[in-house]
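A.B. asks: Whatever this is, show me its structure:
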Amino acid sequence: HRIIGNKQVINTGSVGKPKDGDPRGGYVILTIGTDITAGFIRFDYDIEKAADAVLNSPLPDELAERLRKSF
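C.D. replies: Here you go, the predicted structure:
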């Protein structure tokens, strides 16, 4: 979460493509009131099950390997 100029920029996270080395999924809860706060939530998920689902889909197999390398 950063303020750039007069804009707030929030990276909501991802599942399966960590940029910070943390293989857990991530999302953000925004609270908008007088101020804006961002709560960053991390969660575990079955990476092998997700990789198998990728292999059984039309997606490129390399995406399954990326998932497996993240843990």
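
A.B. asks: OK, contacts around the residue nearest the centre of the chain?
C.D. replies: Centroid-nearest residue in the chain, with Cα atoms, centre = their mean: Ser14, separated by 1.4 Å. If you count contacts by Cβ atoms under 8 Å, 6 or more residues apart in numbering, Ser14 has them with Gly25, Gly26. Glycine gets a C-beta too; all of them are placed from N, C-alpha and C.

A.B. asks: For it, give its distance to Arg24.
C.D. replies: In this view, Ser14 and Arg24 are 10 Å apart by Cβ to Cβ, to the nearest Å.

A.B. asks: What pLDDT is listed against the residue nearest to the centre of the chain?
C.D. replies: Listed pLDDT for Ser14 reads 71.

A.B. asks: Run through the protein and note the low-pLDDT ranges.
C.D. replies: 70-71 (pLDDT under 70).

A.B. asks: what about the helices in it?
C.D. replies: 47-55, 62-69 (DSSP state H).

A.B. asks: ok now do the closest residue in space to Leu55 that isn't next to it in sequence, which residues does it touch?
C.D. replies: Among residues not flanking Leu55 along the chain, Ala64 sits closest, at 4.9 Å (Cβ to Cβ, 6 or more residues apart in numbering). By Cβ under 8 Å, 6+ apart, the residues touching Ala64 are Ala51, Asp52, Val54, Leu55.

A.B. asks: and of those, the nearest to Ile4?
C.D. replies: Val54 (33.9 Å; Cβ to Cβ).

A.B. asks: ok, that closest one - contacts?
C.D. replies: Here Val54 is in contact with Asp61, Leu63, Ala64, Leu67 (criterion: Cβ under 8 Å, 6+ apart).

A.B. asks: For Gly13, see how far away it is.
C.D. replies: For Val54 relative to Gly13 (Cβ to Cβ), the value is 19 Å.

A.B. asks: Skipping adjacent residues, who's closest to Gly16 in space?
C.D. replies: Gly16 sits nearest to Leu67 (Cβ to Cβ, 6+ apart), 5.0 Å away.
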